[in-house]
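Visitor: Coordinates only, no sequence provided:
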């Protein structure tokens, strides 16, 4: 069973940067689309960045131009580079395999523990 381990979160000031990592077990990693989600207190989990097996990327409007998703298939790892961080980026960040159906991307496997990102003003 594929397992996900997120890391790289922390406390950062407004305008700062963080790089999140998500290590995935399982040999099917390279053929699947992966996504980064976040969940702020009292809010639903939302998809903020997606990368397909071919390397195409899709971003939520709220992070476009500030976040960059990438993947290293040899290491079974997906990254999220976050720049120009804002207080509203504060959330627990999760990665997951994603599939596209009925006009939306949805998570496929069991969630990891996530990594906390806190942006202080």
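Guide: Cool, the structure landed. Note that this is a predicted model, so its numbers are computed, not measured. Residues are numbered from 1 along each chain as shown.
Visitor: Helices of the protein, start to end?
Guide: Per DSSP state H, the chain carries no helices over any range.
Visitor: low-confidence ranges in it?
Guide: Counting by pLDDT under 70, the chain has low-confidence residues at 26-30.
Visitor: Parallel or antiparallel, list what pairs with the lengthiest strand in the chain.
Guide: If you go by DSSP state E, the chain has its longest strand at strand 91-101. Sheet pairing of strand 91-101 (DSSP bridges) gives strand 33-39 (antiparallel), strand 104-107 (antiparallel), strand 115-120 (antiparallel).
Visitor: you'd agree residue 53 is up against residue 98?
Guide: No: using C-beta atoms under 8 Å, residue 53 makes no contact with residue 98, being 10.9 Å away. For glycine as for every other residue, the C-beta is placed from the backbone atoms N, C-alpha and C.
Visitor: and for the two, which residues touch both?
Guide: Both residue 53 and residue 98 are contacted by 32-33, under the criterion C-beta atoms under 8 Å, 6 or more residues apart in numbering.
Visitor: the more surrounded of those two?
Guide: Per other C-beta atoms under 10 Å, whichever of residue 53 and residue 98 has more neighbours is residue 98, with 23 against 13.
Visitor: what sits against the more buried one?
Guide: 32-35, 47, 50, 105-108.
Visitor: So which of the residues you listed wins on neighbours?
Guide: residue 35 (25 neighbours).
Visitor: For that residue, list each beta-bridge partner.
Guide: residue 50, residue 96.
Visitor: these two touch, right, it and residue 49?
Guide: Yes: in this structure, residue 35 is within contact of residue 49 by C-beta under 8 Å, at 6.5 Å.
Visitor: Now list whatever residues contact both of these two.
Guide: residue 69.
Visitor: before we move on, the earlier item: including distance to residue 87, could the contacts of residue 98 go into CSV?
Guide: Shown next, in CSV, are the contacts of residue 98 (distance: C-beta to C-beta, whole Å):
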residue, distance to residue 87
32, 33
33, 29
34, 26
35, 23
47, 20
50, 24
105, 26
106, 28
107, 26
108, 31
